[in-house]
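Asks: can't give you the sequence, but here's the structure:
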């Protein structure tokens, strides 16, 4: 019996995702670095810059997450792995943490220090774990092929 062909993922969507997906991670990592610098120097400029980076990262995360949503859950359900699904949920949790972090960074600069650093670290860790999971899954699939 012949199994139905799985529709391939769109090359345009793959290119768009690959182009835009690193931008939020870079913004969140820079915000974490700025939070650490602010905690050491107490220069208000660093926490304000971190707040801007978090907001820019959240806006930049919209399109890649929508593409990822379509690829993992709708068009490529048979082609997506459990690591792809787990990375999607980790990225979604990271975005929720970043939203809370944006609200924390909207407060007075002196009130940002403990909560802002932890939320920035959580956001970076969640996205980083998602990247590691998908990279190791692709490496394992590449070895089998």
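Replies: Cool, got the structure. What you see is a predicted model, and the numbers here were worked out from it, not measured in a lab.
Asks: Tell me how far stretch 57-77 lies from the chain's centre.
Replies: 11 Å (Cα atoms, centre = their mean, to the nearest Å).
Asks: cool, stretch 71-86 as well?
Replies: Put simply, stretch 71-86 sits 17 Å off its chain's centre (Cα atoms, centre = their mean).
Asks: cool, and stretch 100-113?
Replies: Chain-centre distance of stretch 100-113: 20 Å, with Cα atoms, centre = their mean.
Asks: try stretch 85-92
Replies: 9 Å.
Asks: neighbouring contacts of that stretch?
Replies: For stretch 85-92, the surrounding residues in contact (Cβ atoms under 8 Å, 6 or more residues apart in numbering) are 61, 65, 68-69, 72-73, 126-127, 129-131, 133-134. (Each C-beta comes from the backbone N, C-alpha and C, glycine too.)
Asks: which intervals of this protein have sub-threshold pLDDT?
Replies: Across the chain, the ranges flagged by pLDDT under 70 are 1-9, 76-78, 143-145.
Asks: filter the contacts of stretch 85-92 to the buried ones?
Replies: For these, a burial check counting by 16 or more other Cβ atoms under 10 Å picks out 61, 65, 68, 72, 126, 127, 130, 131, 133, 134.
Asks: so what's residue 51 closest to, chain neighbours aside?
Replies: Closest residue to residue 51 apart from its sequence neighbours, by Cβ to Cβ, 6 or more residues apart in numbering: residue 105 at 3.7 Å.
Asks: how about that neighbour, what does it touch?
Replies: Contacts of residue 105 by Cβ under 8 Å, 6+ apart are 47, 50, 51, 54, 112, 116.
Asks: Output the longest helix belonging to the protein.
Replies: helix 113-144 (DSSP state H).
Asks: Buried residues in that helix, which are they?
Replies: Neighbour-count burial for helix 113-144 flags 116-117, 119-124, 126-127, 130-131, 133-134, 137 (criterion: 16+ other Cβ under 10 Å).
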